[in-house]
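Asker: Using only what follows, build the 3D model:
(3 chains)
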Amino acid sequence: MADYFALIDCNNFYASCERVFDPSLNGKPVAVLSNNDGCVIARSNEVKAMGVPMGAPYFEYKKIFRENNVRVFSSNFALYGDMSSRVMNILARYCPDMEIYSIDEAFLHFKGFDCFFDLSSYAQEIRTFVLRATGIPVSIGIAPSKALAKAANRVAKKFPERTGGVHVIDTEEKRAKALRWIKVEDVWGIGPRYGNMLRLRNVRTALDFSLLPDDFVRDSMTVVGLRLKHDLMGKPSIQMEDIKPKQAIACTRSFDRDYLEYSDLRERVATFSCEVAKKLRAQGSDCNLVQVFVRSNPFKVHLPQYGRSVCLKLPYPTNSSIELTKFALKGLSSIFKKGYAYKKAGVIVMGLTPSESKQLNVFHNSDPRHSPLWKAIDRINLLSGHDVVKLGGQDLRRKWKMNRNLLSPRYTSKLEEILKINVHDKEEIERA
DNA sequence: TCTGGGGTCCTAGGACCC
DNA sequence: TCTGGGGTCCTAGGACCC
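Answerer: Have a look, this model is predicted:
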């Protein structure tokens, strides 16, 4: 009996979501863009094969995309979020110990499963069922530690014909083979900085990394790096995580153009504060710290650059949009400097506490009338489908807009946008 | 013209306490 | 000339993830 970890990862998740509802995209190159249609954040295999890197600026690749008939979409998080929970619900049926790692990935802890199942066939079963029930293709890596499961997943995804989308590392030979194949900078937990540092020391593969002395790894990469090393050696050191309450909630955005005036920024910061306050209320939390930042556009190197952030300790915990906005704007006024072209701002709240058990202050407290007020406003906004009730400091004339020119319908979360099938489509789907 | 957003964890160093 | 030591808490900054 042994402990195994499985990593289930949706293939090209956002691109796959778009394909589920438009089968004509199958086999065609598909790309999905970030907010404001700024960067490429998801690519189908065809687009990856064209050499388009993750995070590539859209404007640089527009021409190439046009020439190659790439189907491009604005990000549709309402759709992806819903598809994600469908996939996760299915995965949860296959294992009691599951960690949702990101919107498109989950770890399953197969403790002693190898006594009862052939792990590879079990994973194949999961894969087949997820695909049939949701239309999303997944790859599965299984190994004695989480980092090795990540590595196994990489193998499964890279060689779908040979592996059938499932790869199990259950022998020393397979472990060494996989690690020798993975470049050090592609290891989970080794980013560009560490990758560079290790390259300079002639560490080229995941296997090289796993053979480094512990002391060196700890000194140069902290205990996080050391845990990773042990995990890759097959000594599980990275644990399954429980669902933890969030520590911070943020709303940050780049602007559609440069902002010069304080009044423009004030509107954005007010809106971001309302957004985080709404998220706080949705999860039943208050916050007692609010951080505000602004910055100019680092890509415009010829312009003077400025960026600053400030963190305000609140006199009392709150989740009222009115109060939070008041504090955030106070922060903004302390860091705003005239004469710069601002491109991005954000509001982040920390020090989250459950609204139920808040620590009251002797002198100042959140206005007790706000709690029922926002409960009512949240309900009105929810029923109407968008924010009809706003603060006066927000964008009442809707000057602000996000570029989302290539958006697909919210097929699964808006009745008006639900998929319509005509006979012609149906035949096509059946053929597909 | 045009370059995302939302998170986590760890460490070093300063302030403060006795 | 010469100025303790150990502990805790907080914060800023740096690394990483998807």
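Asker: Wait, A:S74 touches A:L33, no?
Answerer: Yes: using Cβ atoms under 8 Å, A:S74 makes contact with A:L33 at a distance of 5.5 Å. For the C-beta atoms, the positions are set from N, CA and C on the backbone; glycine is no exception.
Asker: Next, show the common contact partners of those two.
Answerer: A:L406 (Cβ atoms under 8 Å, 6 or more residues apart in numbering).
Asker: okay, those two: which has more neighbours?
Answerer: A:L33 (23 against 17; other Cβ atoms under 10 Å).
Asker: so that one touches A:V52, yeah?
Answerer: No: with contacts counted by Cβ under 8 Å, A:L33 stays clear of A:V52, the gap being 11.7 Å.
Asker: Leaving out sequence neighbours, find the closest residue to A:F255.
Answerer: A:K343 (5.7 Å; Cβ to Cβ, 6 or more residues apart in numbering).
Asker: just checking, what packs against the helix or strand hosting that neighbour?
Answerer: According to DSSP states H and E, A:K343 maps onto strand A:342-354. Counting contacts by 3 or more Cβ pairs under 8 Å, 6 or more residues apart in numbering; DSSP states H and E, strand A:342-354 is packed against strand A:248-259, helix A:262-282, strand A:285-296, strand A:307-318, helix A:321-335.
Asker: Just put these in CSV and tack on mean neighbour count.
Answerer: Below are those laid out as CSV (neighbours: other Cβ atoms under 10 Å):
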stretch, mean neighbour count
strand A:248-259, 16
helix A:262-282, 21
strand A:285-296, 21
strand A:307-318, 16
helix A:321-335, 20
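Asker: Using CSV, lay out the ones you listed together with mean pLDDT and distance to A:I190.
Answerer: Putting these into CSV (pLDDT from 0 to 100; distance: least, Cβ to Cβ, whole Å) gives the following:
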stretch, mean pLDDT, distance to A:I190
strand A:248-259, 93, 24
helix A:262-282, 94, 32
strand A:285-296, 92, 28
strand A:307-318, 90, 27
helix A:321-335, 93, 34
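Asker: Nearest approach to DNA strand B belongs to which of these?
Answerer: When the helices and strands packed on strand A:342-354 are compared by Cβ to the nearest atom of the strand, strand A:248-259 sits nearest DNA strand B, at 3.4 Å.
Asker: Give me the contact status of the closest one with DNA strand B.
Answerer: Yes: Strand A:248-259 is in contact with DNA strand B by Cβ under 7 Å from any atom of the strand, via A:248-254, A:258.
Asker: Next: stretch A:64-76.
Answerer: No: remark: stretch A:64-76 sits outside contact range of DNA strand B, by Cβ under 7 Å from any atom of the strand, the gap being at least 7.8 Å.
Asker: List the buried residues for that stretch?
Answerer: Neighbour-count burial for stretch A:64-76 flags A:65, A:70-76 (criterion: 16 or more other Cβ atoms under 10 Å).
Asker: and what of stretch A:82-100?
Answerer: A:83-84, A:87-88, A:90-91, A:94-95, A:98-100.
Asker: Now go through those and say which are in helices.
Answerer: Judged by DSSP state H, the subset of the buried residues of stretch A:82-100 located in helices is A:83-84, A:87-88, A:90-91.
Asker: what does the average pLDDT come to for stretch A:367-384?
Answerer: For stretch A:367-384, the mean per-residue pLDDT is 81.
Asker: Give me the buried positions along it.
Answerer: For stretch A:367-384, using 16+ other Cβ under 10 Å, the buried residues are A:370, A:374, A:377-378, A:381.
Asker: who touches it?
Answerer: A:277-278, A:281-282, A:318-323, A:355, A:387-389.
Asker: In contact with the residue in the stretch 51-200 of chain A that DNA strand C sits nearest to, which residues?
Answerer: In the stretch 51-200 of chain A, the residue found nearest to DNA strand C is A:G191; the distance is 2.4 Å by Cβ to the nearest atom of the strand. Applying Cβ under 8 Å, 6+ apart, one finds that A:G191 lies in contact with A:E185.
Asker: and if you look at A:N153?
Answerer: A:N153 neighbours (Cβ under 8 Å, 6+ apart): A:7, A:9, A:139-141, A:167.
Asker: For chain A, what lies in contact range of DNA strand C?
Answerer: Near DNA strand C, when you scan chain A using Cβ under 7 Å from any atom of the strand, you find A:101-105, A:150, A:187-195, A:311, A:313.
Asker: and the gap between whatever residue of the stretch 201-350 of chain A ends up closest to DNA strand C and A:R266?
Answerer: Residue nearest to DNA strand C within the stretch 201-350 of chain A: A:C311 (5.1 Å; Cβ to the nearest atom of the strand). Distance of A:C311 to A:R266, given as Cβ to Cβ, to the nearest Å: 19 Å.
Asker: Point out the residues in the stretch 201-350 of chain A that sit beside DNA strand B.
Answerer: Residues of the stretch 201-350 of chain A lying near DNA strand B (Cβ under 7 Å from any atom of the strand): A:222-224, A:244, A:246-254, A:258, A:279, A:297, A:299-300, A:343-344, A:346, A:348.
Asker: All the strands of chain A, residue numbers only.
Answerer: Assignment of strands within chain A using DSSP state E yields the ranges A:3-10, A:30-33, A:40-43, A:71-74, A:98-102, A:105-111, A:138-143, A:166-168, A:248-259, A:285-296, A:307-318, A:342-354.
Asker: mind checking which of those is nearest A:M402?
Answerer: strand A:248-259 (7.1 Å; Cβ to Cβ).
Asker: The closest one: partners in the sheet, and parallel or antiparallel?
Answerer: strand A:342-354 (antiparallel) (DSSP bridges).
Asker: Give me the buried stretch members for the strand it pairs with, please.
Answerer: For strand A:342-354, by 16+ other Cβ under 10 Å, it's A:342-349, A:351-352.
Asker: Now that strand: average pLDDT?
Answerer: pLDDT averaged over strand A:342-354 gives 93.
Asker: and it with helix A:321-335, angle?
Answerer: Here the directions of strand A:342-354 and helix A:321-335 differ by 130 degrees (axes from the mean of the first three to the mean of the last three Cα atoms, to 10 degrees).
Asker: A:L232 touches A:A149, doesn't it?
Answerer: No: applying Cβ under 8 Å, one finds A:L232 not in contact with A:A149, separated by 10.9 Å.
Asker: between those two, who's got more neighbours?
Answerer: Neighbours per residue (other Cβ under 10 Å) separate A:L232 from A:A149, with A:A149 holding more: 31 against 28.
Asker: Hmm, A:A6 and the more buried one touching each other?
Answerer: Yes: A:A149 is within contact range of A:A6, at 6.1 Å (criterion: Cβ under 8 Å).
Asker: shared neighbours of the two, anything?
Answerer: Joint contacts of A:A149 and A:A6 (Cβ under 8 Å, 6+ apart) are A:107, A:141-142.
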